[in-house]
Every structure is written in C-alpha cells, then in structure tokens.
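In: I would like to see how this sequence folds:
(chains A, B, C and D, ligands or ions: 6)
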Amino acid sequence: MSRDWFPRSGDETPHEHTHLVTPARVYFNNVLSSRFRMIKVKPLRSLVTPKPPQFFMVWVPGVDEIPLSVADYDEKSISFIYEVKGAGTNALSKLGSGSYLGLKGPLGKPLNIVEGFSTLLVVGGSGVAPTPYITKYLASRGCRFEVIWGVKKRSELFNLGSVMSGVEYIHIATEDCSVGYCGMASELTRELVSKYKYDLVIGVGPKGMLKSLCEVTSGLNTYVVLETMVKCGLGLCGSCVLPNTDKLLCVDGPAFRCEEVMQYLRT
Amino acid sequence: MSRDWFPRSGDETPHEHTHLVTPARVYFNNVLSSRFRMIKVKPLRSLVTPKPPQFFMVWVPGVDEIPLSVADYDEKSISFIYEVKGAGTNALSKLGSGSYLGLKGPLGKPLNIVEGFSTLLVVGGSGVAPTPYITKYLASRGCRFEVIWGVKKRSELFNLGSVMSGVEYIHIATEDCSVGYCGMASELTRELVSKYKYDLVIGVGPKGMLKSLCEVTSGLNTYVVLETMVKCGLGLCGSCVLPNTDKLLCVDGPAFRCEEVMQYLRT
Amino acid sequence: MNASGILGATPEHIAKLASYGLAAVVTKTFTEKPREGYAPPIIIKLRNCGYINAVGLANPGIELLPQVVRKGKELGLVTIVSVGGSSLEEFVKVSTVALDSGADMLELNLSCPHTRGYGLDIGSDPTNVYEVVKAVSSLSSTPVIAKLGVSDNYVKSSGKALEGGAKALTLINTVKAMIIDVYSAKPILSNVFGGMSGPPIHPIAVKVVYDVYKEYEPEIVGVGGIVDWISAAELILAGAEALQLGSALSTKPRELVDSVLEGLKEWVSELGYTRIKDLVGLAHKK
Amino acid sequence: MNASGILGATPEHIAKLASYGLAAVVTKTFTEKPREGYAPPIIIKLRNCGYINAVGLANPGIELLPQVVRKGKELGLVTIVSVGGSSLEEFVKVSTVALDSGADMLELNLSCPHTRGYGLDIGSDPTNVYEVVKAVSSLSSTPVIAKLGVSDNYVKSSGKALEGGAKALTLINTVKAMIIDVYSAKPILSNVFGGMSGPPIHPIAVKVVYDVYKEYEPEIVGVGGIVDWISAAELILAGAEALQLGSALSTKPRELVDSVLEGLKEWVSELGYTRIKDLVGLAHKK
Ligand SMILES: Cc1cc2nc3c(=O)[nH]c(=O)nc-3n(C[C@H](O)[C@H](O)[C@H](O)COP(=O)(O)OP(=O)(O)OC[C@H]3O[C@@H](n4cnc5c(N)ncnc54)[C@H](O)[C@@H]3O)c2cc1C
Ligand SMILES: Cc1cc2nc3c(=O)[nH]c(=O)nc-3n(C[C@H](O)[C@H](O)[C@H](O)COP(=O)(O)OP(=O)(O)OC[C@H]3O[C@@H](n4cnc5c(N)ncnc54)[C@H](O)[C@@H]3O)c2cc1C
Ligand SMILES: Cc1cc2nc3c(=O)[nH]c(=O)nc-3n(C[C@H](O)[C@H](O)[C@H](O)COP(=O)(O)O)c2cc1C
Ligand SMILES: Cc1cc2nc3c(=O)[nH]c(=O)nc-3n(C[C@H](O)[C@H](O)[C@H](O)COP(=O)(O)O)c2cc1C
Ligand code: FES
Ligand code: FES
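Out: Numbers count the residues shown, from 1 in each chain, chains lettered A, B, ... in the order given. Ligands and ions are numbered 1, 2, ... in the order given. Sure, this is the predicted structure:
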C-alpha cells in the first residue's frame, strides 16, 4: 500500500507535465504557401517528446487556444504548420518573433509504428501539417515510406522537403490537374495499394478524403487522423467526442483505425 | 530560467518528504530499564535515511507530537528510546504492537563526521537515546570510538550492547558509584581527553553536563546535542530558538559547536 | 461515481464514463437552454498539481437530456442528473425533464463558482438554497442531492438544504482561483477566473465534509481532490458515504478507479473492518 | 519580507529572519496577553505540497514587543508589527505599544482562520474591518496595513479597510482546511482544523489580489504560495507591489529569497522593463 502514498498527480511523472501550459517564445512565423504558414517556437521548459500524431493546444495569449499537430520538434524547438481560418489562427499569424505563447501537450495517443513497417502516408488539405514530423518519426523507426499529398490547386503547395527530412518520394495529386497526378489523393492511393504492399497506411486530411481512403484501403492496416472540436484536450469536457462512439478524439485519438470510426466518417 | 519552472516544494526532492507525517505501525514497545523504553515501528512509506543526531517529530494520534532522536534505523524499521515524562511520552508508552503513529522527519542537521575520526561520545540522562544510532553511524564511517555513559543510579542502565552494534568500549559512570566509574561523565571525560587524542567529541545529555563537557574539552572539536521545546520542527514557529542566539534548534541543530552555544549553556 | 462536469453531456459521454468502471454516473449540469460555454482555454493544469476550469456550463440543454439519461439506464448505471439554473423556475423545469426521463437521483448544482447567476451565487445564500431544494424535492419522491461549495455559510446552507428535503449533500465544488501567464502577462483562462480542483482543494473538502457531518450527520457525497485511495479514505473518515472523481479522471481514468477501489478495500480490512460504511465519519470519534 | 507568523515573536527570531536576506520583517501577530498557542502538531506538510498550521497565535504578548521592534530597527530592517486582537480595544492597545516601540508600519491581522474570536471572524465582516482599521489608523501617521483573508466579502472588506484609512492591504492569509490520518482515523492537528498555506492557495491568492486591485488599485502586499520567482511574478501581475514569503521559508530560506529576487530581476529585464513597479497589475491591461 505504501507505493502510492504520493498523489498520482504529483509532478514527477512526465505524463502530468503535458497538462500544464508551458510558455514558449516565437523564433519565426512565416508564410509557406497561399494556404499555409509555419511557426517555430522555443519552449521555456523542456517538453515531453511528442510522438506523431500527437498535438498541442496552442494558446495565443488573450485570444484562443487551438489544437495543432506537431510539424517538427527537436530538443530546443517545436514547429507547427497552420492555415489561417478564424480568430485563433489569425491571431497566431500575427505573433512576431520574440512574442510568447503557451503550449499544452503533447496530447493524444501516439500511433503504434512498428520498426521497419513499409508505410503509405496520404495527406490532404491541412493534413499536410503533421507530415514532416510523421515522416521524421517513420525514418527514425527505420520505416520505408511514400507520401501522397493531395491539394485542390497548385498554389497551396510548398517545398515540403525544406521542412522535412528523409522523404523518399512525394506523389503530388492536384484536383485542378495543374501538377502531378490529376485527381484526388484517394484515387492515387487506390492505384498504389493495388500495385504495392504496405504494412501501414496513414491518412490525414478532411473527413471526405479519409472516408474514401478507408474504403480504397479496406483490408489494409489503415489509420486515419481526425479533427473534431477540441476544447480541453484532457478528456474532461467531452467536446471532441466522435458521435455514435465512446471515443474522445483528444485522449483516444486523433488517430483511429478505420473500423473504429467508419460509422462516424459516413455521417 | 526554465530550470525552476516547477515549484520548489514539489514532492520530487527527498528534502520535502521530511515535512509530511508518515504513518508507521508499531512492531513492539518495550521496557529497557527503570527509566527507558524502546519503541520500534515500521514506516508505511520509505523515509529519507536519517543521519545522527537527526530526530523525528513522533505523533501519538490524538495526543501530542514530540521530538525523539533516532535510536536505530534500517530500511524496514525505525526505533526510538524514550523516557516517560508527561502526557506525550506516557501516551506513547501505551501504544501496543499494531497501533499506528506518525513520523515527521528526519529533521535537523546531520553531524559532519569525517571518515576515520577517532571519537569520544559522552552521554548522560536521556542522552543515551540516540547513542546506538550514533555509534552505528560512526562505525559505518570507519571511526574508532569510545562511549562514556553517565547515569545517576544503576537501575537506569540497560544492556546498551543489545540495541547497538559495533561498540568498542563503554565506560559506565554512576553518580551513586554503584557501577563503573564513580562520578560524573564529564569528570571521566576530563581524564580521558588528557590521556588520549580524539578528533571529535560528541556530548548528548542534560544542559549542565554539556556545559561541563564543553569546559573540560575546551580546545577540542566538541559538539553538543541540545534539547529545547520543539513544536514544529520546520523552522517556522520559533519555539526552539536558543535564547540570545539566532539559532533554531530544529533546523540549525540539534548539534552545535561549543563555541556557538556556550552563552546559552551558561544561562 | 464521476463528479458532474466530467463528460456526461451526451449519450456518448455516458458510454465513455461507463468504460471507466464507475458504479454511478452524474451528468454534466444541464440548463434549460443549450449553452455554448466559454472559448478555450477552458481547463488547464496548475503548477500546484491542481486543475483550473471555466467551462461555462456548456451543455446541450433539456432537449437532449432524455437521451443522456436513457443511455445511463441502458448501461445499468445509477444515473444522477445534475441540474442547474439561474432561477427557481429553471431548476424546476430542468428537474421535471430529468424526472420524466427516469433519472435515479437529481443533484442540484448550487455551487458553480465561475458562471454568474448560476451556482455559487445561489448556494452561498441559505434562503435560496432552501427554496430551490424545497421546490425540486416536492416534485417527486426521487432523491434530491444538493451540491454546495465553499462559502462563509456552507454549514448553514447545508442545514437549509436538508430542511428543504435534500436526501444528501454533495460537497464540494471547485474553489475560485486564477492563473496568469508571467511571460505574456495575461490571465490564461478565456474567462479570466475559474474553479480550482484537484489536490489543492482536498484539505478544504475534508474540512467542509467534517464540519457538515459534525453538525447534521447527513449522507454526504464527498468530492474534491481525490487522486488515490488515501485522499478518498480521508473524505470517508470525515463523513462521506459516497465519492466522486473529478479532474483526476484526466489521467488514466480506468486505472484510477480500479486502484482507488482496491486501495480502499485493503485499507478497510487492514483497519479491521469489513465494510466502508463502518468507517464513515470515524474521525469524529473521540 | 516574511509573512507574519514565520518566526518574528522574539528578538532572536528577528535576527534569524535578517539572516535570510529579507528587506523588511513582519513580526508574529502580537496580542495583549501572552498566548501559549496550541499543543503540537501545529504545522505539518500536506501531500498536496502545501502546509497546514494551527499555531494558535502563540506570542509573548505586548510586554516583549518593544524588544522585538528594537531588534528589527537595530538590524536596519523595515519593521512591521502584526497586530492581533479579539476586540477593538485589544487592537488599539497592541497598536499603541507597537507605535511607541517605533514600528515602521502596522499590519492588522484581520484574517487568522483558526483562532476563534480572532482574525477571520472579524475580517469577513466589512463593518468590523472598517472600525478596527479606522481606530488604529487614527492613532498616528504610521502606515497601517490591513491583512485580509478569503471570505465571501473580501472585496467589500478591502474597500472598507481602505475607507478606514489603511495605506495598503496584505492579501491573503491561510485558507481553512483539515487533514486526517487514514490509519489512526484521527485529525492530525491538535486543533483539528488549521490554515492551509503554500502552493495550493496560490491561485486563490492571485484571484483575490486581482479582484481587489481591479476594484480599488490600492497598494497590495501579496502573500500566499510563493515558492519561486514565477509564483511571485504572478502576484505582481495581479496587482501586488510587495510580497511576503510564508511557509516556503521552511526549506532553505536564504537560497529561496536569493533565487526569487534574482528570478524576478531576470524576468523584468526579459520582458523589457526596468523596474518591478512597471509590472504591477499588468495582467489587467487589455
Ligand atoms: C488534433 C487536431 C490537430 C490539428 N492540427 C492542425 C494543424 O496542425 N494545422 C492546422 O492548420 N490546423 C490543425 N487543426 C485544425 C485547427 O485546430 C483549426 O483550424 C483551428 O482550431 C481553427 O481555429 P480558429 O480560431 O482560427 O477558427 P474558428 O473557426 O474561428 O474557430 C473557433 C473555435 O472553434 C474551434 N475549432 C474550429 N475548427 C476546429 C477544428 N477543426 N478542430 C478543432 N477545433 C476547431 C477552435 O478551437 C476555436 O476555439 C487541428 C485540429 C485538431 C483537432
Ligand atoms: C531534538 C530532541 C530530541 C529528543 N530526543 C529524545 C529521545 O530520543 N528520547 C527521549 O526520551 N527524549 C528525547 N527528547 C526529549 C523529549 O522530546 C521530551 O521528553 C518530550 O517531548 C516530553 O513530552 P511529554 O509530553 O511526555 O512531556 P511534557 O513535559 O508533558 O511535555 C509537554 C509538551 O512540551 C514539550 N516538551 C517538553 N519537554 C520537552 C523537551 N525537553 N524538548 C522538547 N519538547 C519538550 C512536548 O513537545 C510536549 O508537547 C528530545 C528532545 C529534543 C528537542
Ligand atoms: C472540467 C470541469 C467541469 C466541471 N463542471 C461541473 C458542472 O457542470 N457541474 C458541477 O456541479 N460541477 C462541475 N465541476 C466540479 C466537479 O464536479 C467537482 O466538484 C470539482 O472538480 C472537485 O472535484 P475534483 O477535485 O475531483 O476535480 C467541474 C469540474 C471540472 C474540472
Ligand atoms: C506557521 C504559520 C504561522 C502563521 N501565523 C500567522 C500570524 O500569526 N499572523 C498572520 O497574520 N498570519 C499568519 N500566518 C499566515 C501567513 O502570514 C501567510 O498569510 C500564509 O502562510 C500564506 O502564505 P504562504 O503560502 O507563503 O505560507 C501563518 C502561517 C504559517 C504557515
Ligand atoms: S477536448 Fe475536452 S474531452 Fe476532448
Ligand atoms: S520548532 Fe518550530 S522553529 Fe523550531
């Protein structure tokens, strides 16, 4: 009985640090493309190392707190790729170098990536945000991987290689057929999975794309990274619940097996 | 600046555990002699290892909390030798095996005992209580040592060897001359220090004895272990202050160099 | 059981709570109309190991309440509906819906510390407490629990709640607090203030439970800073018969529930008792 | 400076406090007659990193007060006498002795939460606060500080204290709490209840300071759970001009004082300011 004399929520376990708001200072906050920006910050105390597709609640002081996936991380800095949508991301885009923000995380469950898995990563829309960190992680686990990046139009693209290391091959798919594969990322996926064998397929992007992805890879080991409204990130408020399941995105996700969420994707 | 992001009083450092009241279960609680009893308890979570002459505040549930020196300690148990004086020690003497009490400590500063020091330990009255643990510690530091134990009358004596390991020689001094040296412990000390060389002299006992001890060992490296009224043990309440000094017994003591406290001993 | 406000606003939330191994569930506090609640940040951890929240009573309103209750009963859980309101009428309206939906008990939230007009504004005035409890108790024979927080008058308010017909008291809610980020110099919660929960408030909860038990020996549901069996046991000794887990459910909830239950079981037998009931209020024995 | 009750009852205590590197000292709360205080245990640490105490206002009474003040002045410290009382007359009597002894300021303890008839019983009633502060302020031009605690009325009480002539407010005192040992099933403090201090009450102190600053922008001495420069900085941003260290002085006090001061200095310059004063109340800026 003596082992648990100290409160479980003592600050000694790394798990618990992840619920504090850690101050961080902005290094830079740049435009990547017509659609995306990237912010790199220096946390003022050490963070628990995130594992993809974990995310942070990024607090823009006095404005909002928004969930953003890790785009890159090393011992001294952490980066996020984001799209300006509403008040929160707009305020974020205004933070100049030297400003402060707050980071709560890493939150969510890491993907179970087995050493040496051959992996197909399919990203679309703002799903490109976590791509650099997922590929970095895949590389560090000795996984061969290919990336399919689907966008609506050419101007959304940026040089993913410049923010990403170890990428073996990026298939670009544009809906307006201006570059690369002409069509949806899921269509290209269908072609690839019929030709090659992948141990793991990961999809990040809009709900529609993920639904198609689950369909075209049915029978494979596919995980999809979802987005819902995340308000607390701690499994307490329930705002991130996936309708018709007992899953909370912030603690059970954001990655789920297709089987777990097919019903949700269909709605 | 990031290193101290966590509150200093986080429970991760051993220092802080020492201010909690740790529950402990009584193994036994026996009579040693006409004057002394010994209680051995099992702490229900691990304690910080005490170093002599550190003490614990021993809480007798619902009755009192009293300072007692460590008489013996190992990873599974801690023992105290005590004399029944008032309400607190009386209630303590009533605790049967299986009862619970609380331990706050170890408190106070450890003595700085240098490896291999030849040491003379002079104890009188209830000063015998910490003797077994001091000698155990001296032995573990490779120190040769002798013990002078002064009592008023023979019946106070008990077989110190039975609760103590590694004692090389005990000089008994009785005021009623019934056993051993006839006279006060301080007188015997005077004789020994004139004949032999000691790197360290430690005195534990009543104020009068310690005053004499400081006088007869003047010029030597002598520490005396004092008693005052200890109410909190944490340096906050001030009840243990040594009059006319800025020393708090509970945090600066209970051992002091003769020079530091001569003025106090004279009052 | 869980403390109100930890999930419990939708049928899905009830299913999630059920998966933690709780014997009973308490819904999020329901108000008549749906409430959006505050913008994030709404809950964060404090450096003192506690949490602070200002959710703003976000809930889908009475229209969804029947589904939530149904889910609880379907899963075989004792289902307690937390009822909120800014007026006597609202309390009665929400309670009526809860009763019609088959709630096993009602818990009146008279103590939310960070939503103006709701909760503590009512709960710290003993006369209000009496009226609300009385009105809701007289609706049916379903047990009504009054949830009170810390205020200067909690002993009096407790007495009034019992007088008004409350079968039990839930003690305590969160404690008013605030956190400021020292770099941006801004309050972190979007609502500026919030309610503190977790270990920092536990010794306050113990005192409140002890005081109220001493005065009235009512049935008490203890809540506030339970993070392990020891903190649970303290509340039992102070006088709590049942317990709720709140912010601690943010970390390995299933394991937490198991280890609290197991720890309490061991403790009861180590102290030579057979049932937890024998230990309720034992700290009052001289 | 130290918080009242951390040493400060004898000249020796003042010397000890001086050795911690504090710029000002506050005495233990003095009452007219000597008070023994409660039997041990009087102060213990809580598992939530806080402390709980019920010392019972142990102090040697006004006869020894002049010596204590003299020691402070001798050591070149700003010497603040904490004045206690269970009646208007007692407050005036103790204050008179303090003033005659040359105290630089008086701090009226209107908020001790665990000694019946003293402190919080007075401080939570704004009318009492007004009368005591008014009576003492009119004795001389020496600045009078009113020390208040958490209660439902702290904003009102603060206003009344300022109206009564207080030059500043010390916020906050300890928070009522309790700890029970789960093995012996007994409350640990001999007084059963006590006042909680340390990290658990810090977010409460921040809120109280913030609320009171917002309402009156008075000079505030912030106290409650300061354990490092960050907790100190938060209170400054909320509105505190000066700070007191309480239970944290139980652990390496000299190092604590140094590191808080150094941390604050770095912080002020990191944020691009030159003086702490520029940061007082900054969290209120939109
Ligand atoms: C786990 C996760 C990871 C994400 N990672 C990224 C990323 O790396 N890059 C990126 O550009 N976007 C990401 N998003 C989406 C991003 O969080 C939203 O675009 C952002 O919250 C919009 O906030 P806003 O205030 O600018 O917009 P508004 O539409 O004004 O948002 C208002 C409020 O709604 C909430 N909200 C709105 N949309 C979403 C949404 N899709 N998900 C969660 N909350 C939402 C916000 O928290 C905000 O408080 C992620 C979302 C989730 C759930
Ligand atoms: C650092 C230290 C170590 C000690 N170690 C031992 C030991 O190992 N064995 C032993 O027999 N005695 C020891 N003592 C003395 C022991 O603490 C007292 O005999 C005991 O507190 C008396 O308590 P009581 O309630 O039985 O007596 P009472 O006289 O009724 O005591 C009433 C109150 O006064 C306090 N008090 C009375 N005398 C003392 C005293 N001398 N020191 C501190 N507080 C006192 C007690 O805390 C108690 O709350 C030690 C004292 C100190 C300061
Ligand atoms: C995120 C969150 C939301 C809460 N919402 C409610 C609520 O809607 N109604 C209510 O009565 N209490 C609410 N509370 C208070 C809890 O029920 C509980 O009283 C408090 O958190 C103390 O328990 P804890 O220390 O175990 O968290 C909420 C607490 C938290 C942390
Ligand atoms: C041991 C102890 C004794 C105290 N005695 C007094 C007192 O006599 N008068 C007073 O106004 N406050 C007293 N207090 C309260 C402190 O001055 C302070 O308000 C409180 O401890 C909060 O600060 P902290 O969290 O830094 O400890 C005491 C606190 C402690 C821990
Ligand atoms: S965002 Fe609050 S539970 Fe997931
Ligand atoms: S006993 Fe309280 S300061 Fe030493």
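In: and residue C:185, what does it touch?
Out: D:237, D:271, D:279, D:282-283, D:285 (Cβ atoms under 8 Å, 6 or more residues apart in numbering or on different chains). C-beta: built from backbone N, CA, C; applies to glycine.
In: quick check, nearest of the residues you listed to residue D:170?
Out: Lowest distance from residue D:170 to those (Cβ to Cβ) belongs to residue D:237, with 17.8 Å.
In: how many other residues sit next to the closest one?
Out: Counted with other Cβ atoms under 10 Å in any protein chain shown, residues neighbouring residue D:237 total 26.
In: Could you measure from it over to ligand 5?
Out: From residue D:237 across to ligand 5, the span is 28 Å (Cβ to the nearest ligand atom, to the nearest Å).
In: same thing with residue A:130?
Out: The value you get for residue A:130 to ligand 5, if Cβ to the nearest ligand atom is used, is 18 Å.
In: before we move on, what about residue C:79?
Out: 20 Å.
In: Pick the one among the contacts of residue C:185 closest to chain B.
Out: Using Cβ to the nearest Cβ, the shortest approach to chain B within the contacts of residue C:185 belongs to residue D:271, at 11.5 Å.
In: Read off the pLDDT value for the closest one.
Out: pLDDT, residue D:271: 94.
In: go on, residue A:34?
Out: Each residue has a pLDDT score; the one for residue A:34 is 80.
In: Name the SS class of it, please.
Out: Here residue A:34 takes the coil state, with states given by DSSP: H, G, I helix; E, B strand; the rest coil.
In: residue contacts, it?
Out: Applying Cβ under 8 Å, 6+ apart, the residues contacting residue A:34 are A:155-156.
In: Surely residue C:238 is in contact with residue C:213?
Out: Yes - if you go by Cβ atoms under 8 Å, residue C:238 and residue C:213 touch, sitting 6.4 Å apart.
In: Of these two, which one has the most company?
Out: Using other Cβ under 10 Å, the more surrounded residue of residue C:238 and residue C:213 is residue C:238, with 29 against 25.
In: And the more buried one, its phi and psi?
Out: In terms of degrees, to the nearest 10, the main-chain angles of residue C:238 are phi -70, psi -20.
In: how about it, what does it touch?
Out: Residues near residue C:238 by Cβ under 8 Å, 6+ apart: C:206-207, C:209-210, C:213, C:222, C:281, C:283, D:178, D:180.
In: In TSV, list those residues along with pLDDT.
Out: Listed next are the contacts of residue C:238 as TSV, based on pLDDT from 0 to 100:
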residue	pLDDT
C:206	98
C:207	98
C:209	98
C:210	98
C:213	98
C:222	97
C:281	96
C:283	97
D:178	97
D:180	97
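In: Filter those down to just the ones in strands.
Out: Among those, the residues falling in strands (DSSP state E) are C:222, D:178, D:180.
In: Between those residues, which sits nearest ligand 4?
Out: Proximity of the ones in strands among the contacts of residue C:238 to ligand 4 was ranked by Cβ to the nearest ligand atom; the top entry is residue D:178 with 15.1 Å.
In: The spatially closest residue to the closest one that is not a sequence neighbour: how many residues sit nearby?
Out: In space, residue D:178 comes closest to residue C:207 once its chain neighbours are excluded; the distance is 3.8 Å by Cβ to Cβ, 6 or more residues apart in numbering or on different chains. Neighbourhood size, residue C:207 [other Cβ under 10 Å]: 27.
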